[in-house]
Structures are given as structure tokens and as C-alpha cells.
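**Student:** following is a predicted model, sequence given first.
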2 protein chains.
Amino acid sequence: MDEFRSIAELFAPLALSEGEGLRDDAAFLPSGPGRELVITADAVVEGVHFLAGTAPELVARKLLRVNLSDLAAKAAEPFGYLLTVAWPESWGEAERAAFARGLAEDQAEFGIGLLGGDTVSTSGPMTAAVTALGYAPRAVRRSGAREGDLLVVSGAIGDGWLGLQAAKRELALGGDHLAALERRYALPEPRLELRALLRDHATAALDVSDGLIADVAHLARVSGVGIRLDLERTPLSPMALAWLAGSPNRGDALEALASGGDDYEIAFTVDPSGLAAVTEAGRPPRTPLTVIGAVEAGRDVRVVYQGRDRRPERTGWRHG
Amino acid sequence: MDEFRSIAELFAPLALSEGEGLRDDAAFLPSGPGRELVITADAVVEGVHFLAGTAPELVARKLLRVNLSDLAAKAAEPFGYLLTVAWPESWGEAERAAFARGLAEDQAEFGIGLLGGDTVSTSGPMTAAVTALGYAPRAVRRSGAREGDLLVVSGAIGDGWLGLQAAKRELALGGDHLAALERRYALPEPRLELRALLRDHATAALDVSDGLIADVAHLARVSGVGIRLDLERTPLSPMALAWLAGSPNRGDALEALASGGDDYEIAFTVDPSGLAAVTEAGRPPRTPLTVIGAVEAGRDVRVVYQGRDRRPERTGWRHG
């Protein structure tokens, strides 16, 4: 919950001095001419990152996907991963085998393989971590946003947050919408198809995991710029639009969708000269790409709704 | 506890098809001419790999060291690591800061830096995983042992196992011995000084973490050979010798020391032509190197004591 604070206060002084240090959530190693090895690590804990009782196949697949999403945001092509898993007492042979089946399924889906790791036992909740590796001709950092760039986001925002509520049976919506949202929460889609666009045009990028506003704030701080985020331009799915229609305050509801996290979309900045390429890459039936703001002077995110600055109340700001 | 079985049954089919697959506990990536990137991952859980109440500094340092020990066995020079940590509810700011101080201390000791990672919260025991990276001109695998090679082990065997008992106040020995054993358990010494010897002479190597007999069995199986292990030649520290002197059955006691695990010494095989180099590298005051057996026909470890084969009763064999 306090990832950013921990990293900033405790771990930043420990960063390897060359390169990006911990300003990025991935490491970049030169790996032959014109190629970087990109390495990222993410962990999940039962009851925190997935609901207790989630099918082990889905736990495995989401764990892989959140890591692949990080690589996608760096414009890296994943090829392998290391896995450490702490089996809880409640996971017997059947659950472990199901977990391995989930890994196998998404390995085939994404063309990756297991490189190594460690399995241990725990008296606590199921806990696992993946270190994912990919190669990129030009890996995109978080730190390259420049004043005048446009801010773009892929797909739709807020479904992860709504999906968690759907999974917890806390959401009143039509059954089809609920099922679609649950699926979005359980199985995010790493936007690997954006690799070429990001490599050729993005000045900075990250995947939206903490919440759009919080993650754009990370991008702004690490790049040393301000970023205006136009809340009304947030791309929404039909499910989120249905939920929004039933919400008493549209501004608050949009802010909640942009603060909820677990989207695993990609937010990136491009020079305006790249807009044509963005438009082309986001043409149907491809994943939509939406301009939602711009880079400006400053040091933080500035959330605008109906022409006025808002001061977001929740999430993300804890990270500051 | 069932690492080897899990890997063999569940995860081996998931291994990336090129290279060693999961026959090794590390991954090897070509990284420029004459250089491999070696990557390994190990996890620890409070109450399983360290006693509840262990000082966070020591938890951090042991976590780094068990990973560096893996790299040492591959003849790789460590340079960085990724860290995922699940903070338990009982670890407040003070414990987290102490954990970071422990990392900083051993980073300075071993010349490495933090490359990235993730911090999460858990309702269960403290859990953390490190993915450690190093470069090697020629990384040593587990799979290269050849009939006729000698089996060599560094340092002393059994202190990790005795040290755990000392830490749990289950051992009756002199106070100086108890303190020395506890320290050996809490802070293993990665044998990085053996890198050049291993690179130039080892046909296969691994670090002794599960127990000498179990780990030599891994080496034998992965290399497709038999390995004779002469129990009487097991190198022992003054503390282990004192414990042995008070044990009712010398053979059983030696077997226990060779089955206990947590030694983080390096077991390796060399062609007999490399014996002079081994002798030179193990000359005082350097870490001793002891020939404890030889590679022969077969497919497993063969434990010999007083000229007779023994059938070990405990540990390691669970992994089979």
C-alpha cells in the first residue's frame, strides 16, 4: 500500500548508482548492440492482491500478466521469468497443480518460459513474486516526459476497480456487466501490442496499476514536469459508463475511476508530432488510445474537471 | 521443504526450452562476447527460514547472502538484485528501516546495488524474495560432473544446522561455540573468493543449502553420474568437532551434519588434473577446500562410512 513511500524513503539510497536507479520500476541492462535487457519484479499476496478463494489458475495468470504489463510499458518483448512462491497450508497438490496449469496457459499465450526460482512453505496467505525479463531495442523510461508532450492512455480506465467490487459482490449492475468487470479484474491484458508505438514515439511510459491519477503523478515527478489530466477525457468501458450513469456526482465518480488502480493500461507521453502514429495505432479494432492531457510546467499531476482544478481526495496521494 | 519435488513435477514442463532449463537453480543468458548473465532467485519466510524475532538487519543480510552464495557457485560476480518484500503487521517503521540498513551494510560488503522490486503488505509472516544478478566469463553449471572427477567442498559442513539449534537454545555446548554457531547460521559467508578457481577448474558446482548429501545427490542426478561421498572426510569446524565428541554414534552424527543444510559452502567437481590448483586455492589463511569423494558410474549419491555404504535416513531423500 505504501510502495512509493517505502521505495523513496528506505530503498532509494540502496539503488545501483548507474542508470535510472529506483526512479523506474524496472531495471535496464545493456545487452549487446542496440538492445537492452529489461527486468521487473512484482509480488502478490492472497487477501491483498487477489481475493481468498480465487482459482489458483487465475492467481498464476494475473501474477504473470501484471509483470508482463510492466514490460509492455517499457516497450520490451518478454521472454522469460523467475518465480518464487510461498505455498499456504490450504494449497494441496490440486491447487499447486492448478497454479502450474495457469502458468502454462499464459506462457503459451505470451510466448515466455520459466527460467528458475524457488518454492517455500508459509503459515500465512499465499504469496508469490515474479521477476520478468524482456529485451527492447529502445526501452522506454518513466523519466522522459517533456513540456508540450501529449498524455495518452490505452484501453479503458476504472474497470479493475469496479471489477474488484464486482468480485466482492458489492456492485449493483447488470449481470453481463458484472461478469465482464470481474474478468477484467482477474485477467488484465498486458498491452504488448503497443511495443512498436512506444519504442518509436513515447517519451515516457508506465502501466496503470496504482490508479491513473497516482501513476501519472509518478510520471510527472520522475520526469520533473507537471502533467495536466483532463478527467472528462478518461476513456471508459460500457460497464464503467453504466456505473457512471447511476452515480450521484459525475466528477467524484470519474475521480474514483481514475484513482482505483488495477487497470494495467499504459499511460505514456508523446511529442505532438507523434499524434498521427498514435491515432493510427489506436484505430478499431485495435485497443483504443485516448489523449487525456498534456505535459506542462510544474512537478505534479494537475487534475482538471469542467475547466477547474480538482484536489483529488483519495489514493495515490498517500504515495506522495 | 519440497522444492526439488515441486520443480521436478510441476514446473519442469514450464522451463524455457533453451539452455539448462530447470536442471539448474540459476538461469544463464548470453550477454556479449565471452560473458553470461547469471540470474537466481531465493525466498525466505519468517518461522521457516529464520526464527520469528530475528533482527531485521540479519534477515536482510541472510536473504542477500543466500542469493550471493548461489551466484558464487556459478563463478559469477554479483552486481545487483531485485527485491520483493511482504511486510508483516508486526514490522513498523523501525523494523523496516532496520531491514534497509541490513541491505545497505551487505551491499557495501559485497559491492552490489538494488535494481528494483516491489513492497507489499501481508497478514502473515514476513516474506521476501531476492533475484540476484551477476556476470561470469564462464558460468559453472550443475550438470558437468564427469566420471573420474574429484568432489570438493569448501569450508566446514554442519555449522548451519548446529547454529539453528544453538539459536533455538537446543544445544548443550560451551558459550563461545554456541555464539560462533549462531553467527554461522545467521550470516553465511558466500564463497565468492572461489570464483576464479571454479571458472578455471570446476566441471560442476552448487552451493550447499539443503544439506551436503542432498545437494551432492542433485549434482549427481543433473549430471547423470554417481558420486561417492566419504562421510569421514567431511570438513568440520572446532564447534562441530566438539559436538561430535559428545555424540553417542559417530557415523550417525556425521550423517546428521551432512544432512542438516544451511551451510552455504560450495560443493564442486574437478578433473584430478585440477587438484594442485584446488590445494593452492585452499591454502591457509584461505577458506579450506577438502576432497570428500569422487564421481563414479551411477545416478545418485553413495554415502560411505568406514568402508561401507550407508543408507541415509533423513532429509534430502524427501526431495527425491
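**Tutor:** Right, received. Where do you want to start?
**Student:** give me the pLDDT for the residue in the stretch 151-300 of chain A that chain B sits nearest to.
**Tutor:** As assessed by Cβ to the nearest Cβ, chain B sits closest to residue A:209 within the stretch 151-300 of chain A, at 10.1 Å. All C-beta atoms are positioned from the backbone trio N, CA, C, and that covers glycine. In this model, residue A:209 is scored at 94, pLDDT.
**Student:** one more: residue A:116?
**Tutor:** Reading off the model, residue A:116 has pLDDT 90.
**Student:** count the residues that sit near residue A:162.
**Tutor:** Residues within reach of residue A:162, counting by other Cβ atoms under 10 Å in any protein chain shown, total 30.
**Student:** ignoring the adjacent residues along the chain, who's closest to it?
**Tutor:** In space, and not counting its chain neighbours, residue A:162 is closest to residue A:181: 4.8 Å by Cβ to Cβ, 6 or more residues apart in numbering or on different chains.
**Student:** enumerate every residue touching the residue of the stretch 151-300 of chain A closest to chain B.
**Tutor:** Contacts here follow Cβ atoms under 8 Å, 6 or more residues apart in numbering or on different chains; on that basis residue A:209 touches A:66, A:69, A:215, A:261, A:262, A:263, A:264.
**Student:** test my guess that the residue nearest to residue A:162 contacts residue A:168.
**Tutor:** No: judged on Cβ atoms under 8 Å, residue A:181 makes no contact with residue A:168 at a distance of 11.2 Å.
**Student:** higher neighbour count, those two?
**Tutor:** Higher neighbour count among residue A:181 and residue A:168: residue A:181, with 27 against 11, using other Cβ under 10 Å.
**Student:** helix or strand for the more buried one, just tell me which one.
**Tutor:** Assigned by DSSP states H and E, residue A:181 falls within helix A:175-186.
**Student:** ok, now residue A:132?
**Tutor:** With DSSP H and E as criterion, residue A:132 is part of strand A:127-136.
**Student:** can you list contacts of stretch A:94-109?
**Tutor:** A:55-61, A:64-65, A:83, A:85, A:87, A:91, A:112-114, B:6, B:10-11, B:13-14.
**Student:** may I see the buried residues of that stretch?
**Tutor:** A:95, A:96, A:98, A:99, A:100, A:101, A:102, A:103, A:104, A:106, A:107 (16 or more other Cβ atoms under 10 Å in any protein chain shown).
**Student:** just the closest of the contacts of residue A:209 to residue B:299, please.
**Tutor:** residue A:66 (40.7 Å; Cβ to Cβ).
**Student:** could you check how far that closest one is from chain B?
**Tutor:** 10 Å (Cβ to the nearest Cβ, to the nearest Å).
**Student:** quick check: that residue touching residue A:43?
**Tutor:** No: Residue A:66 is beyond contact range of residue A:43, at 9.5 Å (criterion: Cβ under 8 Å).
**Student:** what about these two, which has more around it?
**Tutor:** Between residue A:66 and residue A:43, counted using other Cβ under 10 Å, the more crowded position is residue A:43 (29 against 23).
**Student:** so how far is chain B from the residue lying farthest from the centre of chain A?
**Tutor:** The centre of chain A is farthest from one residue, residue A:93, which by Cα atoms, centre = their mean lies 31.4 Å away. With distances taken as Cβ to the nearest Cβ, residue A:93 is found 9 Å from chain B.
**Student:** ok, which stretches of chain A are helices?
**Tutor:** Taking DSSP state H, the helices of chain A run over residues A:3-6, A:56-73, A:93-110, A:159-167, A:175-186, A:195-201, A:212-223, A:238-245, A:250-257, A:275-281.
**Student:** packing partners of the second one?
**Tutor:** Spelled out, that is helix A:56-73. strand A:36-45, strand A:77-88, helix A:93-110, strand A:127-136, helix A:195-201, strand A:202-208, strand A:265-270 (3 or more Cβ pairs under 8 Å, 6 or more residues apart in numbering or on different chains; DSSP states H and E).
**Student:** who's in contact with the residue of the stretch 51-200 of chain A found nearest chain B?
**Tutor:** Using Cβ to the nearest Cβ, residue A:124 is the residue of the stretch 51-200 of chain A that sits closest to chain B, at 1.5 Å. By Cβ under 8 Å, 6+ apart, the contact set of residue A:124 is A:86, A:88, B:45, B:88, B:122, B:123, B:124, B:125, B:127.
**Student:** 6 Å - rerun?
**Tutor:** Going by Cβ atoms under 6 Å, 6 or more residues apart in numbering or on different chains, residue A:124 touches B:124, B:125.
**Student:** now the nearest residue to residue A:153 once chain neighbours are set aside: how far from residue A:110?
**Tutor:** Among residues not flanking residue A:153 along the chain, residue A:267 sits closest, at 4.8 Å (Cβ to Cβ, 6+ apart). In this view, residue A:267 and residue A:110 are 21 Å apart by Cβ to Cβ, to the nearest Å.
**Student:** more neighbours, those two?
**Tutor:** Set residue A:267 next to residue A:110 and count neighbours by other Cβ under 10 Å: residue A:267 wins out with 27 against 19.
**Student:** in the sheet, who's paired with that one?
**Tutor:** Using DSSP bridges, the beta-bridge partners of residue A:267 come out as residue A:153, residue A:206.
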